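Peer 1: what shape does this take:
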Amino acid sequence: MRIVVITTPDQIDQEWITRLAGEADTHRLERVAVLATGVELVQQTRPDVVVIDRALPEAEQCVKKIFASMPAVVCIVLAAQVDVPALRRLMAAGARDVVAKPLRYADLLASMRAAVAVEASRRSRGVFAAGDEAAPFGQGKLSVVISPKGGAGTTFVASNLAVMLRQLGSGRVALADFSLQFGHVGTHMNLWSKHTLADLIERSDDIDDALMAGVMQQHPSGVQVLLAPSSPELAGEIAPEQLDQVLNALLARYSYVVADTWCVLDELTLALMRRADNLLVVTTPEVPALKNVKYFLDYLRQHQLTEAQVSIVLNRFPSVDGITLEDVQQHLRHPVSANIPSAGQMVTYSINRGVPVVTSHPQSWVGQSLRKLAAYVAGEQVDLLSLTPVEGKGRRGAAKEPGARRGLLPAFKR
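Peer 2: The predicted structure follows:
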């Protein structure tokens, strides 16, 4: 069986999914934790079975979309306490079966095998369904990670975001280092190559699959990485038009492109922001960083530099003796969308080893916060702010919001 499991970001590591992948008759299993990507993956891979473990309204819409174009694909929904009207809606949408939760693994396995056997019998009698052509992925989405002050952690956020997007099953993911003079994506991902962005710039008029394959570096997570030029002077030789052509090539081949940038508003950075679907502005809870972010946000609004969704990512927050969230939002005049808690020793260990923290410490408070951020970028409705560890998994002794000191921010003058 070829199987796709569509679940939620916090349930993607469920034990039954791992067991299912290890069954003798499982040829391939893909797990997806982003609803918007699930149907696209099904259209691309044409599996035998889709197991949907989402809220009932989401499951119903997902089944409808799959059945409308691929009625031969078996859809099985996992649901708790399904009443008769809800069950009828799921069946009318095209679900082959509904398996009760809490899940009994044997029940799910029996349901899948029985449904696949029925479909195989139908096909053997020459009864074929319409919709056999696989639909390709559409144009990819660009997430630009930026900070108007150095040292805020843009590379840390960008690299972990890309890896987490891939883990959530969000299709093909590229991580591009556009911090052109002194990029550190390679260090964070433990990658090095003589082939960099400069190779694509040199042939920006005729980038093909062969060139892209030779330049993009494969990370063990499945993320494809585009490294920054190895010489700082090359940054001054890149024109915005060439950058646009590189972006076109990347977005045509990847579902998500995460771009790490430097803290300079030059022509190339502005070109990236103009193309962005999501603009993640990273800051830390210190006065100099917050002052720069306020000026940056004002500049964006005054000059209408981007149509992207602008999200403030407050890194290293909460931290000991830090500024309160209320203070930050009041002075920025912009809501904080997400926070990444302070965990200096863990993060330093991760960076020095070149292993993203979502891989080295996936269940940590930091890892869970980055998982939520990736789900948000992928289109999920997620509560991103997490001011206390989840279920005691965070770093012991971390400061909490009520204990932070108030009134530390001076008024920012225009």
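Peer 1: for residue 39, give me its contacts.
Peer 2: Residues near residue 39 by CB atoms under 8 Å, 6 or more residues apart in numbering: 62, 65, 66. Yep, even glycine has a C-beta here, placed from its N, CA and C like the rest.
Peer 1: from residue 104, how far off is the first one?
Peer 2: Just to be clear, that refers to residue 62. 23 Å (CB to CB, to the nearest Å).
Peer 1: ok so, going back, and which of the contacts of residue 39 is nearest residue 98?
Peer 2: Of all these, residue 62 has the smallest distance to residue 98: 13.3 Å, by CB to CB.
Peer 1: which outside residues touch the host helix or strand of that closest one?
Peer 2: Under the criterion of DSSP states H and E, residue 62 resides in helix 56-69. Residues outside helix 56-69 that contact it (CB under 8 Å, 6+ apart): 6, 35, 38-39, 42-43, 50, 52-54, 73, 75, 77, 79, 82, 86, 89-90, 93-95, 131, 135.
Peer 1: out of residue 62 and residue 104, which sits in the more crowded spot?
Peer 2: Each of residue 62 and residue 104 has its neighbours counted (other CB atoms under 10 Å); residue 62 has more, 23 against 12.
Peer 1: got a list of what the closest residue to residue 31 other than its chain neighbours touches?
Peer 2: Nearest-residue entry for residue 31: residue 5, 4.6 Å, with adjacent residues in sequence omitted and distances by CB to CB, 6 or more residues apart in numbering. The contact partners of residue 5, by CB under 8 Å, 6+ apart, come to 17, 20, 29, 30, 31, 32, 50, 51, 53.
Peer 1: now do the helix or strand containing residue 244: distance to the chain's middle.
Peer 2: Secondary structure assignment for residue 244, by DSSP H and E: helix 240-253. In terms of CA atoms, centre = their mean, to the nearest Å, the centre of helix 240-253 is found 20 Å from the chain centre.
Peer 1: okay, now the domains of this structure?
Peer 2: Residue ranges of the domains in the chain are recorded as 2-124, 141-403, according to automatic domain parsing.
Peer 1: quick check on the contacts of helix 56-69: which are buried?
Peer 2: Buried members of the contacts of helix 56-69, counted by 16 or more other CB atoms under 10 Å: 6, 35, 38-39, 42-43, 50, 52-54, 73, 75, 77, 79, 82, 86, 89-90, 93-95, 131.
Peer 1: can I get stretch 180-190 in PDB? Just the C-alpha atoms.
Peer 2: Presented in PDB, the C-alpha positions along stretch 180-190 are these (Å, rounded to 0.1, in the frame of the first residue of the first chain):
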ATOM      1  CA  LEU A 180      25.500  37.700   0.700                       C
ATOM      2  CA  GLN A 181      28.700  38.800   2.400                       C
ATOM      3  CA  PHE A 182      29.000  36.600   5.500                       C
ATOM      4  CA  GLY A 183      26.200  34.000   5.300                       C
ATOM      5  CA  HIS A 184      26.200  31.300   8.000                       C
ATOM      6  CA  VAL A 185      23.500  28.900   6.800                       C
ATOM      7  CA  GLY A 186      26.200  26.400   5.800                       C
ATOM      8  CA  THR A 187      27.600  26.500   9.400                       C
ATOM      9  CA  HIS A 188      24.100  26.000  11.000                       C
ATOM     10  CA  MET A 189      23.400  23.100   8.600                       C
ATOM     11  CA  ASN A 190      26.900  21.600   8.700                       C
END
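Peer 1: quick check: buried residues in that stretch?
Peer 2: 180, 183, 184, 185, 186, 188, 189.
Peer 1: from those, which is closest to residue 236?
Peer 2: Closest to residue 236, out of all of the buried residues of stretch 180-190 and judged by CB to CB, is residue 180, at 8.7 Å.
Peer 1: measure that closest one to residue 244 for me?
Peer 2: Using CB to CB, residue 180 is found at 15 Å from residue 244.
Peer 1: residue 85 now?
Peer 2: 51 Å.
Peer 1: neighbour count for the two, which is higher?
Peer 2: Higher neighbour count among residue 85 and residue 244: residue 244, with 15 against 8, using other CB under 10 Å.
Peer 1: ok, that one - contacts?
Peer 2: By CB under 8 Å, 6+ apart, the contact list for residue 244 reads 271, 275.
Peer 1: about what we covered before: buried set for the helix holding residue 62?
Peer 2: 56, 58, 59, 60, 62, 63, 64, 65, 66, 67, 69.
Peer 1: likewise for stretch 194-212?
Peer 2: Buried, per 16+ other CB under 10 Å, within stretch 194-212: 196, 197, 198, 199, 200, 201, 204, 207, 211, 212.
Peer 1: quick one, what contacts the first one?
Peer 2: Contacts here follow CB under 8 Å, 6+ apart; on that basis residue 196 touches 215, 226, 227, 228, 229, 230.
Peer 1: now swap in the second one and tell me
Peer 2: With contacts taken as CB under 8 Å, 6+ apart, residue 197 has the following neighbours: 176, 177, 178, 180, 215, 226, 227, 228, 229, 246.
Peer 1: in which helix or strand would I find residue 31?
Peer 2: strand 28-32.
Peer 1: quick check, central residue of the protein?
Peer 2: Among the residues of the chain, the one closest to the centroid is residue 165, at 2.9 Å (CA atoms, centre = their mean).
Peer 1: ok but it is inside a helix, no?
Peer 2: Yes. According to DSSP: H, G, I helix; E, B strand; the rest coil, residue 165 belongs to a helix.
Peer 1: what separation is there between it and residue 223?
Peer 2: Between residue 165 and residue 223 the computed distance is 8 Å (CB to CB).
Peer 1: from residue 294, how far off is residue 284?
Peer 2: 14 Å.
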